[in-house]
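Asker: sequence first, then the predicted structure:
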Amino acid sequence: MLAASLEWREVKVAAPQGLPAADIAHVRRWCDQRVPERVRDQVRIECEEGARHLTIVECRAPWRAESGSEWTRLPVARLGYTRTTGAWTLYYRDRNLRFRRYDLVPPTTNVRELLDEIDRDPTAIFWG
């Protein structure tokens, strides 16, 4: 009984996200608004939650029958959150599929500023 309750506590401690709910909701709304309703059967922008970050993912429907029914998922950007400062930091995905800090905007407590930068994409690093 004690071992089972210790195991449950370990899982419970690892689970809390610690991300601001209002910011998560804002990023999810932003993702939903990126793609017109009429083409969402072909492409979507989604937000995946991690323990200390949100990852913005472009999802595309299968384009060939032999590729199966799974959608392709391509990470576009990551928003890292530092709980102690309440700041969000923007990251881009490099050609080796690693996230690197995007240094054209500083960390900010306003996640909207980072979403605006992704929208602007002055270096074509997010949307190509």
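Answerer: Great, that's in hand.
Asker: distance of Ala25 relative to Cys31?
Answerer: As judged by Cβ to Cβ, to the nearest Å, Ala25 and Cys31 stand 11 Å apart. For the C-beta atoms, the positions are set from N, CA and C on the backbone; glycine is no exception.
Asker: for the residue positioned nearest the centre of the chain, pull up the helix or strand it's in.
Answerer: Nearest to the geometric centre of the chain sits Thr55, at 1.5 Å (Cα atoms, centre = their mean). Assigned by DSSP states H and E, Thr55 falls within strand 53-60.
Asker: returning to what we had before: of Ala25 and Cys31, who's got more company?
Answerer: Taking neighbours as other Cβ atoms under 10 Å, Ala25 and Cys31 compare with Cys31 leading, 21 against 11.
Asker: outside of the strand holding Thr55, which residues touch it?
Answerer: Strand 53-60 is contacted by residues 19, 23-24, 27, 31, 42-48, 71-81, 118 when judged by Cβ atoms under 8 Å, 6 or more residues apart in numbering.
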